[in-house]
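Asker: Have a look; sequence and predicted model below, questions after that.
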Amino acid sequence: MNDVSSVSKGGHSLIYSDKPVSEIHVLELLNVAVWAPNDGMREPWRFIFVGSGSTELMSGLQDQAPAYLMLVIKEDRDLHKREEDFGAACCLMQNFRLLSQESMLHVRMTMNDWIYDRTCSCRYGVQKDERIVAVLEMGYLEQAIEPVKAEHSLDFAFELL
């Protein structure tokens, strides 16, 4: 167990294993996760990966994790396109989270205050016409988190007209 990789969130203590998060594995997941189209098939995003050798760059800004992935999008001047791009980026993140579960990679999406600070985000190469949508904290857990099961699940009835 890493000394710096124990994080407590919402009553759960996340303890990351020493297994590194491979940049190649993250890239493989992203190649599938980007199937989150918007009108015009724009892909206005790019990614900044902070791996195991340089996680100290995130110290004081994020909880400790073995790796981080910043999702950055272009800020279109057209507000309609900007909203579409943000929505597609959120879908991309959800796709990534779902795909990562197959390989037992734990992904936690964060939107801490510092991502809105231009001075802070510029340190990571974010341009004037871009913004950070979220930072994904990633790592392999020592012990899997048990899913919470609903006691009373609703039965939905659909009717086609």
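Answerer: Nice, thanks for sending it over.
Asker: low-confidence ranges in the protein?
Answerer: Counting by pLDDT under 70, the ranges of the chain that qualify are 1-13, 36, 38, 147-148, 150, 153.
Asker: That one: strands as residue ranges?
Answerer: Using DSSP state E, the strands assigned to the chain run over residues 6-9, 12-15, 45-50, 67-74, 105-110, 130-140.
Asker: In TSV, list those along with mean neighbour count and distance to residue 33.
Answerer: Glycine gets a C-beta too; all of them are placed from N, C-alpha and C. Shown next, in TSV, are those (neighbours: other Cβ atoms under 10 Å; distance: least, Cβ to Cβ, whole Å):
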stretch	mean neighbour count	distance to residue 33
strand 6-9	13	23
strand 12-15	14	22
strand 45-50	17	10
strand 67-74	22	10
strand 105-110	18	11
strand 130-140	21	11
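Asker: which residues sit in contact with the residue nearest the centre of the chain?
Answerer: What sits nearest the mean C-alpha location of the chain, by Cα atoms, centre = their mean, is residue 136, with 3.0 Å. Neighbour list for residue 136: 68-71, 93, 96-97, 107-110 [criterion: Cβ atoms under 8 Å, 6 or more residues apart in numbering].
Asker: can you put these in a markdown table and add distance to residue 140?
Answerer: Below are these laid out as a markdown table (distance: Cβ to Cβ, whole Å):
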| residue | distance to residue 140 |
| --- | --- |
| 68 | 14 |
| 69 | 15 |
| 70 | 20 |
| 71 | 21 |
| 93 | 19 |
| 96 | 15 |
| 97 | 15 |
| 107 | 11 |
| 108 | 13 |
| 109 | 17 |
| 110 | 18 |
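Asker: tell me which of the residues you listed is nearest to residue 28?
Answerer: Residue 28 has its nearest neighbour among these in residue 96, at 10.9 Å by Cβ to Cβ.
Asker: Name the single longest helix found in this protein.
Answerer: When every helix of the chain is counted residue by residue (DSSP state H), the longest turns out to be helix 79-102.
Asker: what's next to stretch 75-92, contact-wise?
Answerer: 33-34, 36-40, 42, 44-45, 71, 73-74, 129-131, 133.
Asker: rerun at 6 Å
Answerer: Residues from elsewhere that reach stretch 75-92, judged by Cβ atoms under 6 Å, 6 or more residues apart in numbering: 33-34, 36, 38-39, 44-45, 71, 73, 129, 131, 133.
Asker: Can you tell me which of the residues you listed is nearest residue 143?
Answerer: Distance to residue 143 across these (Cβ to Cβ) is lowest for residue 33, with 25.7 Å.
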